[in-house]
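Engineer: Here is the input, now give the coordinates:
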Amino acid sequence: MTAPTSPRIEHHPDILALRAHSEETTSTPVAQSVEALALLCGVYLAASPWIAGFSGATTLAVNNLITGIAFACLAGGFGHAYERTHSMSWAGLCIAAWTIVSPWVVAGHAFATRAVVSNVIVGAVACLAALALAGLGMSRSATARPGLRQR
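Structural biologist: Purely as a prediction, here's the structure:
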């Protein structure tokens, strides 16, 4: 049996301030644009084998479908619960980096040029979006604690 926690922890001033600041951060047009761009990157990555025309490379097509869905779900979660998900943007960065190298790792030498170009471009844009989302989270964390200075 677990010990009961304080029934009013959700009303603690620090938690309320953190949630208010997260809401303020994600309500800016820049943050919403970055979230939308990240979501679009994930959707495009999932559909890219059929859009760019390399669905014949089955392993790369399945890889792009899975990583695209994962990236889109990750990016889609930021808008609803940013105070709990902003640190997951680093996972998005890993998925984006994998997207760049996956044509060589997954498909070996049996890949089309359009597969490489598509993955490198969407991977680079996804990396930038993930870094921007991580930066929003870090700037939020730094301003939420008054003892930290911003660089």
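
Engineer: Might you list the low-confidence residue ranges for the chain?
Structural biologist: Residues of the chain meeting the criterion pLDDT under 70: 1-27, 78-87, 109-111, 137-151.

Engineer: unless I'm mixing things up, A61 is touching P49, no?
Structural biologist: Yes. Applying Cβ atoms under 8 Å, one finds A61 in contact with P49, separated by 3.6 Å. (C-beta placed from N, C-alpha, C; glycine too.)

Engineer: what do those two both touch?
Structural biologist: Counting by Cβ atoms under 8 Å, 6 or more residues apart in numbering, the contacts common to A61 and P49 are S55.

Engineer: For those two, work out which one has more neighbours and name it.
Structural biologist: Neighbour count, other Cβ atoms under 10 Å: between A61 and P49, P49 has more, with 24 against 19.

Engineer: Look up how far L65 lies from that one.
Structural biologist: For P49, the distance to L65 equals 7 Å [Cβ to Cβ, to the nearest Å].

Engineer: Wait, A72 touches A47, no?
Structural biologist: No. Contact status for A72 versus A47: not in contact, 10.2 Å apart, counting by Cβ under 8 Å.

Engineer: Give me the more crowded residue out of the two.
Structural biologist: A72 (19 against 14).

Engineer: Grab the nearest non-local neighbour of that one.
Structural biologist: Take A72 and drop its neighbours on the chain: the residue closest to it by Cβ to Cβ, 6 or more residues apart in numbering is G42, 2.8 Å away.

Engineer: Pull the contacting residues for that neighbour.
Structural biologist: G68, I69, A70, F71, A72, C73, L74, A75, G76, A126.

Engineer: The third one and I95 touch, don't they?
Structural biologist: To tie it back to what came earlier, the one meant is A70. Yes. Between A70 and I95 there is a contact at 6.0 Å, judged by Cβ under 8 Å.

Engineer: Any buried residues in the longest helix along the chain, and which?
Structural biologist: Counting residues, the longest helix found in the chain (DSSP state H) is helix 113-144. For helix 113-144, the buried set under the neighbour-count rule, 16 or more other Cβ atoms under 10 Å, comprises 115-116, 118-119, 121-123, 125-134, 136-137, 140, 144.
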